[in-house]
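Engineer: just coords:
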(Lines give C-alpha, C1' and ligand atoms only; values in the text may rest on other atoms or scores of the structure.)
Protein backbone atom coordinates (compact mmCIF):
# COMPACT_ATOMS: atom_id res chain seq x y z
CA UNK A 1 0.00 0.00 0.00
CA UNK A 2 1.51 3.34 -1.00
CA UNK A 3 2.09 6.03 1.61
CA UNK A 4 -0.58 8.42 0.26
CA UNK A 5 -3.24 5.73 0.39
CA UNK A 6 -2.08 4.58 3.82
CA UNK A 7 -2.27 8.15 5.17
CA UNK A 8 -5.72 8.56 3.62
CA UNK A 9 -7.07 5.39 5.22
CA UNK A 10 -5.67 6.30 8.65
CA UNK A 11 -7.28 9.75 8.39
CA UNK A 12 -10.65 8.54 7.08
CA UNK A 13 -10.85 5.85 9.77
CA UNK A 14 -10.28 8.51 12.42
CA UNK A 15 -13.01 10.75 10.96
CA UNK A 16 -15.42 7.83 10.58
CA UNK A 17 -14.73 6.61 14.11
CA UNK A 18 -15.53 10.04 15.55
CA UNK A 19 -18.79 10.14 13.57
CA UNK A 20 -19.76 6.68 14.78
CA UNK A 21 -19.03 7.64 18.39
CA UNK A 22 -21.34 10.64 18.01
CA UNK A 23 -24.10 8.49 16.52
CA UNK A 24 -23.65 6.03 19.38
CA UNK A 25 -23.88 8.83 21.96
CA UNK A 26 -27.13 10.21 20.50
CA UNK A 27 -28.66 6.73 20.20
CA UNK A 28 -27.80 5.83 23.77
CA UNK A 29 -29.23 9.11 25.07
CA UNK A 30 -32.53 8.63 23.23
CA UNK A 31 -32.67 4.83 23.58
CA UNK A 32 -32.57 4.36 19.82
CA UNK A 33 -31.71 0.87 18.61
CA UNK A 34 -29.00 0.58 15.97
CA UNK A 35 -26.47 -2.04 14.90
CA UNK A 36 -23.20 -2.23 13.05
CA UNK A 37 -23.95 -3.52 9.58
CA UNK A 38 -22.36 -4.79 6.39
CA UNK A 39 -18.67 -4.09 5.96
CA UNK A 40 -18.45 -2.33 9.33
CA UNK A 41 -19.74 -5.38 11.20
CA UNK A 42 -17.50 -7.58 9.04
CA UNK A 43 -14.52 -5.45 10.07
CA UNK A 44 -15.47 -5.87 13.73
CA UNK A 45 -15.68 -9.66 13.37
CA UNK A 46 -12.66 -10.25 11.15
CA UNK A 47 -10.26 -7.43 12.08
CA UNK A 48 -11.45 -6.17 15.46
CA UNK A 49 -11.64 -2.74 13.82
CA UNK A 50 -12.61 -1.18 10.50
CA UNK A 51 -11.65 -3.23 7.45
CA UNK A 52 -8.19 -1.79 6.68
CA UNK A 53 -9.13 -0.68 3.13
CA UNK A 54 -12.76 0.33 3.86
CA UNK A 55 -13.55 4.05 3.94
CA UNK A 56 -17.19 4.39 4.93
CA UNK A 57 -19.44 3.10 7.74
CA UNK A 58 -22.64 1.05 7.61
CA UNK A 59 -25.22 0.86 10.38
CA UNK A 60 -28.81 -0.41 10.46
CA UNK A 61 -31.95 0.57 12.37
CA UNK A 62 -35.49 -0.74 12.67
CA UNK A 63 -37.95 1.65 11.03
CA UNK A 64 -39.33 3.20 14.24
CA UNK A 65 -35.83 3.91 15.58
CA UNK A 66 -34.75 5.35 12.24
CA UNK A 67 -37.66 7.80 12.21
CA UNK A 68 -36.82 8.94 15.74
CA UNK A 69 -33.13 9.26 14.87
CA UNK A 70 -33.91 11.61 11.98
CA UNK A 71 -35.81 13.92 14.33
CA UNK A 72 -33.13 14.27 17.00
CA UNK A 73 -29.68 13.80 15.49
CA UNK A 74 -28.77 17.24 14.13
CA UNK A 75 -30.14 19.06 17.18
CA UNK A 76 -27.81 17.00 19.36
CA UNK A 77 -24.56 17.25 17.40
CA UNK A 78 -21.94 19.80 16.26
CA UNK A 79 -22.71 21.75 13.09
CA UNK A 80 -20.32 19.77 10.93
CA UNK A 81 -22.35 16.58 11.41
CA UNK A 82 -25.14 16.77 8.86
CA UNK A 83 -27.91 14.32 8.07
CA UNK A 84 -28.38 13.94 4.30
CA UNK A 85 -32.01 12.82 3.86
CA UNK A 86 -32.67 11.75 0.28
CA UNK A 87 -36.28 12.95 0.35
CA UNK A 88 -35.13 16.56 0.82
CA UNK A 89 -33.59 16.88 -2.66
CA UNK A 90 -34.65 16.84 -6.30
CA UNK A 91 -31.60 14.86 -7.47
CA UNK A 92 -31.62 11.11 -6.83
CA UNK A 93 -28.56 9.23 -5.64
CA UNK A 94 -30.05 6.45 -3.47
CA UNK A 95 -32.88 5.93 -0.98
CA UNK A 96 -30.29 5.99 1.81
CA UNK A 97 -30.02 8.60 4.57
CA UNK A 98 -26.45 9.42 5.54
CA UNK A 99 -24.63 11.04 8.42
CA UNK A 100 -21.82 13.16 6.97
CA UNK A 101 -18.92 15.17 8.36
CA UNK A 102 -18.95 18.32 6.27
CA UNK A 103 -15.62 19.44 7.69
CA UNK A 104 -14.02 17.06 5.19
CA UNK A 105 -14.27 16.40 1.47
CA UNK A 106 -13.68 13.08 -0.27
CA UNK A 107 -13.56 12.28 -3.95
CA UNK A 108 -16.77 10.40 -4.71
CA UNK A 109 -16.14 8.15 -7.68
CA UNK A 110 -19.83 7.18 -7.88
CA UNK A 111 -21.41 10.64 -7.94
CA UNK A 112 -21.16 13.77 -10.04
CA UNK A 113 -20.13 16.13 -7.24
CA UNK A 114 -21.38 19.30 -8.95
CA UNK A 115 -24.75 17.77 -9.86
CA UNK A 116 -25.34 16.77 -6.23
CA UNK A 117 -23.97 20.07 -4.86
CA UNK A 118 -21.16 18.11 -3.14
CA UNK A 119 -23.45 16.66 -0.46
CA UNK A 120 -22.26 13.10 -1.19
CA UNK A 121 -18.62 14.20 -1.19
CA UNK A 122 -18.04 13.87 2.54
CA UNK A 123 -17.10 10.98 4.83
CA UNK A 124 -20.35 9.22 5.64
CA UNK A 125 -22.28 6.68 7.66
CA UNK A 126 -24.95 4.94 5.59
CA UNK A 127 -28.13 4.13 7.54
CA UNK A 128 -29.94 1.00 6.36
CA UNK A 129 -33.55 0.53 7.46
CA UNK A 130 -35.24 -2.68 8.59
CA UNK A 131 -38.88 -3.04 7.57
CA UNK A 132 -41.19 -6.01 7.99
CA UNK A 133 -41.33 -8.64 5.28
CA UNK A 134 -44.92 -8.53 4.03
CA UNK A 135 -47.20 -11.42 3.10
CA UNK A 136 -46.63 -10.44 -0.53
CA UNK A 137 -42.86 -10.14 -0.26
CA UNK A 138 -42.01 -10.86 -3.90
CA UNK A 139 -44.49 -8.23 -5.04
CA UNK A 140 -43.08 -5.83 -2.44
CA UNK A 141 -39.53 -6.29 -3.75
CA UNK A 142 -40.62 -6.07 -7.39
CA UNK A 143 -42.49 -2.81 -6.72
CA UNK A 144 -39.48 -1.30 -4.95
CA UNK A 145 -37.25 -2.27 -7.89
CA UNK A 146 -39.60 -0.55 -10.33
CA UNK A 147 -39.72 2.64 -8.24
CA UNK A 148 -35.93 2.58 -7.89
CA UNK A 149 -35.58 2.25 -11.67
CA UNK A 150 -37.95 5.19 -12.20
CA UNK A 151 -35.98 7.27 -9.69
CA UNK A 152 -32.85 6.73 -11.77
CA UNK A 153 -34.37 9.28 -14.16
CA UNK A 154 -33.36 11.90 -11.59
CA UNK A 155 -29.77 10.66 -11.42
CA UNK A 156 -26.94 12.33 -13.31
CA UNK A 157 -25.69 9.12 -14.90
CA UNK A 158 -26.95 5.56 -15.27
CA UNK A 159 -24.33 2.81 -15.41
CA UNK A 160 -25.87 0.62 -18.10
CA UNK A 161 -22.94 -1.81 -18.06
CA UNK A 162 -24.20 -3.17 -14.70
CA UNK A 163 -27.28 -4.62 -16.35
CA UNK A 164 -27.83 -7.52 -18.73
CA UNK A 165 -30.73 -8.89 -20.76
CA UNK A 166 -34.21 -7.71 -19.84
CA UNK A 167 -32.82 -5.63 -16.97
CA UNK A 168 -30.69 -3.65 -19.41
CA UNK A 169 -33.79 -2.83 -21.47
CA UNK A 170 -35.49 -1.66 -18.28
CA UNK A 171 -32.45 0.45 -17.40
CA UNK A 172 -33.03 2.42 -20.60
CA UNK A 173 -36.82 2.68 -20.39
CA UNK A 174 -37.69 3.33 -16.74
CA UNK A 175 -35.41 6.35 -16.13
CA UNK A 176 -37.01 8.08 -19.14
CA UNK A 177 -40.46 7.46 -17.66
CA UNK A 178 -39.24 8.46 -14.20
CA UNK A 179 -38.26 11.93 -15.37
CA UNK A 180 -41.99 12.64 -15.74
CA UNK A 181 -42.59 11.92 -12.03
CA UNK A 182 -41.15 14.09 -9.26
CA UNK A 183 -38.56 12.46 -7.03
CA UNK A 184 -40.63 13.58 -4.05
CA UNK A 185 -43.58 11.51 -5.26
CA UNK A 186 -41.33 8.53 -6.02
CA UNK A 187 -39.83 8.75 -2.52
CA UNK A 188 -43.32 8.66 -1.01
CA UNK A 189 -44.21 5.60 -3.10
CA UNK A 190 -40.96 3.91 -2.11
CA UNK A 191 -41.52 4.52 1.61
CA UNK A 192 -45.14 3.33 1.38
CA UNK A 193 -44.20 0.04 -0.28
CA UNK A 194 -41.26 -0.46 2.10
CA UNK A 195 -43.68 -0.33 5.05
CA UNK A 196 -46.49 -2.44 3.62
CA UNK A 197 -45.67 -5.33 5.97
CA UNK A 198 -48.16 -4.44 8.71
CA UNK A 199 -48.78 -7.89 10.21
CA UNK A 200 -46.27 -9.56 12.57
CA UNK A 201 -43.43 -11.31 10.77
CA UNK A 202 -40.38 -13.30 11.81
CA UNK A 203 -38.27 -11.38 9.30
CA UNK A 204 -37.03 -7.93 8.44
CA UNK A 205 -35.56 -6.86 5.16
CA UNK A 206 -33.45 -3.82 4.33
CA UNK A 207 -35.90 -1.72 2.39
CA UNK A 208 -33.51 1.02 1.26
CA UNK A 209 -30.74 -1.19 -0.12
CA UNK A 210 -29.71 -0.49 -3.71
CA UNK A 211 -32.01 -2.55 -5.90
CA UNK A 212 -29.04 -4.05 -7.83
CA UNK A 213 -26.94 -4.82 -4.72
CA UNK A 214 -25.97 -8.49 -4.11
CA UNK A 215 -27.69 -8.45 -0.70
CA UNK A 216 -30.93 -6.99 -2.08
CA UNK A 217 -33.95 -8.95 -0.84
CA UNK A 218 -32.23 -10.95 1.92
CA UNK A 219 -34.37 -11.76 4.97
CA UNK A 220 -32.97 -10.94 8.39
CA UNK A 221 -34.37 -13.04 11.24
CA UNK A 222 -35.68 -10.88 14.06
CA UNK A 223 -34.49 -13.38 16.65
CA UNK A 224 -30.91 -12.43 15.75
CA UNK A 225 -31.53 -9.00 17.32
CA UNK A 226 -33.31 -9.93 20.56
CA UNK A 227 -30.02 -9.69 22.42
CA UNK A 228 -26.97 -7.55 21.72
CA UNK A 229 -23.32 -8.38 21.22
CA UNK A 230 -20.97 -5.47 21.87
CA UNK A 231 -18.28 -5.58 19.19
CA UNK A 232 -14.97 -3.75 19.33
CA UNK A 233 -14.04 -1.06 16.82
CA UNK A 234 -11.02 0.98 17.76
CA UNK A 235 -11.23 1.82 21.46
CA UNK A 236 -14.98 1.35 21.92
CA UNK A 237 -17.66 -1.30 21.88
CA UNK A 238 -20.62 -0.89 19.53
CA UNK A 239 -23.89 -2.86 19.28
CA UNK A 240 -24.32 -5.79 16.94
CA UNK A 241 -27.00 -8.49 16.87
CA UNK A 242 -26.14 -11.28 19.30
CA UNK A 243 -26.26 -13.77 16.40
CA UNK A 244 -24.12 -11.56 14.14
CA UNK A 245 -22.28 -14.57 12.74
CA UNK A 246 -25.52 -15.85 11.18
CA UNK A 247 -26.02 -12.50 9.47
CA UNK A 248 -22.45 -12.37 8.21
CA UNK A 249 -22.67 -15.91 6.84
CA UNK A 250 -25.87 -15.02 5.01
CA UNK A 251 -24.32 -11.92 3.42
CA UNK A 252 -20.71 -13.00 2.83
CA UNK A 253 -20.67 -16.82 3.18
CA UNK A 254 -17.06 -17.46 4.30
CA UNK A 255 -16.75 -14.03 5.89
CA UNK A 256 -13.43 -14.68 7.65
CA UNK A 257 -11.58 -15.19 4.37
CA UNK A 258 -9.91 -12.14 2.85
CA UNK A 259 -10.85 -11.06 -0.68
CA UNK A 260 -8.23 -11.16 -3.46
CA UNK A 261 -5.57 -8.52 -2.96
CA UNK A 262 -6.70 -6.61 -6.08
CA UNK A 263 -10.10 -6.03 -4.39
CA UNK A 264 -8.63 -4.59 -1.18
CA UNK A 265 -9.13 -0.99 -2.22
CA UNK A 266 -11.25 1.89 -0.85
CA UNK A 267 -14.28 3.23 -2.70
CA UNK A 268 -12.96 6.78 -2.48
CA UNK A 269 -9.43 8.13 -2.40
CA UNK A 270 -8.99 11.73 -1.37
CA UNK A 271 -9.59 13.58 1.89
CA UNK A 272 -9.15 17.24 2.71
CA UNK A 273 -10.13 19.52 5.58
CA UNK A 274 -12.58 22.20 4.48
CA UNK A 275 -12.16 25.83 5.47
CA UNK A 276 -15.13 27.52 3.79
CA UNK A 277 -18.34 28.34 5.59
CA UNK A 278 -20.95 25.60 5.62
CA UNK A 279 -24.68 25.45 6.17
CA UNK A 280 -26.79 22.49 7.01
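Structural biologist: Right, received. Where do you want to start? Keep in mind that this is a model prediction, so the values were computed, not measured.
Engineer: Provide the strand pairings for the longest strand belonging to the chain, with the direction of each partner.
Structural biologist: For the chain, the longest strand by residue count, based on DSSP state E, is strand 124-132. Strand pairing for strand 124-132, using DSSP bridges, gives strand 57-62 (parallel), strand 97-101 (antiparallel), strand 203-206 (antiparallel).
Engineer: Using TSV, lay out those together with mean pLDDT.
Structural biologist: What follows is these, written out as TSV (pLDDT from 0 to 100):
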stretch	mean pLDDT
strand 57-62	98
strand 97-101	97
strand 203-206	97
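Engineer: Go through the following helix or strand past the longest strand of the chain and flag the buried ones.
Structural biologist: Elements were assigned by DSSP states H and E; along the chain past strand 124-132, the next helix or strand is helix 137-151. For helix 137-151, the buried set under the neighbour-count rule, 16 or more other Cβ atoms under 10 Å, comprises 137, 140-141, 143-151. Glycine gets a C-beta too; all of them are placed from N, C-alpha and C.
Engineer: Helix 137-151 vs strand 124-132, what angle?
Structural biologist: Here helix 137-151 points in a direction 140 degrees away from that of strand 124-132 (axes from the mean of the first three to the mean of the last three Cα atoms, to 10 degrees).
Engineer: what helices or strands is helix 137-151 leaning on?
Structural biologist: Taking 3 or more Cβ pairs under 8 Å, 6 or more residues apart in numbering; DSSP states H and E as contact, the helices and strands that helix 137-151 lies on are helix 166-178, helix 183-194.
Engineer: picking that back up, between the strands paired with strand 124-132, which gets nearest to residue 73?
Structural biologist: Shortest distance between residue 73 and those, using Cβ to Cβ, is found for strand 97-101: 7.1 Å.
Engineer: Next, the angle from the biggest helix by length in the chain to strand 97-101.
Structural biologist: Across the chain, the longest stretch assigned as helix under DSSP state H is helix 3-29. In terms of direction (the same axes, to 10 degrees), helix 3-29 departs from strand 97-101 by 120 degrees.
Engineer: pLDDT on helix 3-29, on average?
Structural biologist: Mean pLDDT, helix 3-29: 94.
Engineer: Any idea what the closest residue to residue 230 other than its chain neighbours is bridged to?
Structural biologist: Distances taken as Cβ to Cβ, 6 or more residues apart in numbering put residue 237 closest to residue 230, at 3.9 Å, once the chain neighbours are dropped. Beta-bridge partners recorded for residue 237 (DSSP bridges): residue 232.
Engineer: thought residue 237 was touching residue 229?
Structural biologist: No - under the criterion of Cβ atoms under 8 Å, residue 237 lies out of contact with residue 229, with a separation of 9.2 Å.
Engineer: Pick out whichever of these two has more residues nearby.
Structural biologist: residue 229 (19 against 14; other Cβ atoms under 10 Å).
Engineer: Spit out the contact partners of the residue nearest the centre of the chain.
Structural biologist: Ranked by distance to the mean C-alpha position of the chain (Cα atoms, centre = their mean), the top residue is residue 126 at 3.1 Å. Listed by Cβ atoms under 8 Å, 6 or more residues apart in numbering, the contact set of residue 126 reads 56-59, 96, 98.
Engineer: Buried subset of those, written for ChimeraX?
Structural biologist: For the buried members of the contacts of residue 126, the matching ChimeraX selection, counting by 16+ other Cβ under 10 Å, is:
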select :56,57,58,59,96,98
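Engineer: ok, of the contacts of residue 126, which one's closest to residue 109?
Structural biologist: Once Cβ to Cβ is applied, the member of the contacts of residue 126 that ends up nearest residue 109 is residue 56, at 12.1 Å.
Engineer: Nearest spatial neighbour of the closest one, chain-adjacent residues omitted?
Structural biologist: When the adjacent residues along the chain are set aside, residue 56 lies closest to residue 124, with 5.5 Å between them (Cβ to Cβ, 6+ apart).
Engineer: and the gap between residue 3 and residue 260?
Structural biologist: Spatial separation of residue 3 from residue 260 under the definition Cβ to Cβ, to the nearest Å is 23 Å.
Engineer: Quick one: distance of stretch 111-120 to the chain centre.
Structural biologist: Counting by Cα atoms, centre = their mean, to the nearest Å, stretch 111-120 is centred 17 Å from the centre of its parent chain.
Engineer: again with stretch 61-70
Structural biologist: Relative to the centre of its chain, stretch 61-70 is centred 14 Å away, using Cα atoms, centre = their mean.
Engineer: Can you point out the buried residues in it?
Structural biologist: 61-63, 65-66, 68-69.
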